[in-house]
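A.B. asks: pasting the structure only:
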Ligand SMILES: Nc1ncnc2c1ncn2[C@@H]1O[C@H](COP(=O)(O)OP(=O)(O)OP(=O)(O)O)[C@@H](O)[C@H]1O
């Protein structure tokens, strides 16, 4: 599934002094980093580190208290609608209509995003996630993993240049994990990924860049190869010890 019509931009994602406060508490505290196009960032950190809060701001679902996010030159604050067209989100919430079939759901989202040749695109994605034969079944009758697969297809329908993943492996059986890995590999070209995961092995295997958060702050950011896997594991273990803010 090649990406359609994107212009190459060196910096795909620029996160600048991003902060989110809930009451007096900073869930994300002065986080800055940039990612080149095609990067895969794995975000690690203990419970409550601010990972989901960061991802929600990148998805335009939550407004930063301070700081900014720019996606291929588009400011999320100034042009959220335009930015949203270039973003796909896979989270715990499948964002599907349970009373619609898998196919109806995908056709609906294709329409929302103004996807051309939507029927063909929907079939292509249903095939890719191994659910073509269940396309006429309502999503409410699906298992969690099947729902997750449909949700992956939904997130890719608009051919996003930035794909955000919040614990995408949770609830998937080993076969679905394989399908997911193949899917990600097949759509990686020219896209940028940000994935939140507690699975160090998976996260490191996929990553080109890593971000470790603790208590909302950046403990480490860099290209994956800057640290040997053992050094990285040690760093991660020490952050878990910092506990919840
Ligand atoms: N809507 C909210 N209102 C108040 N506090 C919130 C809200 N959302 C998140 N927080 C707080 O922000 C902090 C970071 O939460 P967040 O969900 O981003 O952490 P996380 O790193 O994703 O954790 P986990 O690994 O447990 O999913 C926590 O202290 C949490 O209580």
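C.D. replies: That came in fine, so what should we check first? All values reported here derive from a predicted model rather than from experimental measurement.
A.B. asks: Mind checking which residue lies nearest the centre of this structure?
C.D. replies: residue 164 (1.3 Å; CA atoms, centre = their mean).
A.B. asks: quick one, phi/psi of that one?
C.D. replies: phi -110, psi 130 (degrees, to the nearest 10).
A.B. asks: if I look at it, how far off is the ligand?
C.D. replies: Separation of residue 164 from the ligand (CB to the nearest ligand atom, to the nearest Å) stands at 13 Å. Backbone N, C-alpha and C define where each C-beta goes, glycine included.
A.B. asks: List the buried residues of stretch 186-195.
C.D. replies: By 16 or more other CB atoms under 10 Å, the buried positions in stretch 186-195 come out as 187-188, 191-195.
A.B. asks: about what we covered before: surely the residue nearest to the centre of the chain meets residue 86?
C.D. replies: No - if you go by CB atoms under 8 Å, residue 164 and residue 86 don't touch, sitting 11.1 Å apart.
A.B. asks: about what we covered before: which one of the buried residues of stretch 186-195 is nearest residue 232?
C.D. replies: Nearest to residue 232 out of those is residue 195 (CB to CB; 15.5 Å).
A.B. asks: Once you drop chain neighbours, what's closest to the closest one?
C.D. replies: Distance criterion CB to CB, 6 or more residues apart in numbering; nearest residue to residue 195, sequence neighbours excluded, is residue 165 at 4.0 Å.
A.B. asks: Which secondary structure state is assigned to the one you found?
C.D. replies: strand (DSSP: H, G, I helix; E, B strand; the rest coil).
A.B. asks: which ones are touching it?
C.D. replies: 90-91, 193-197 (CB atoms under 8 Å, 6 or more residues apart in numbering).
A.B. asks: Recalculate using a threshold of 10 Å.
C.D. replies: 40, 42-43, 55, 88-91, 152, 155, 180, 184, 193-197, 206 (CB atoms under 10 Å, 6 or more residues apart in numbering).
A.B. asks: cool, and residue 123?
C.D. replies: 103, 106, 117, 132, 135.
A.B. asks: tell me which element it is part of?
C.D. replies: helix 118-128 (DSSP states H and E).
A.B. asks: roughly how far out does that helix sit from the chain middle?
C.D. replies: 21 Å (CA atoms, centre = their mean, to the nearest Å).
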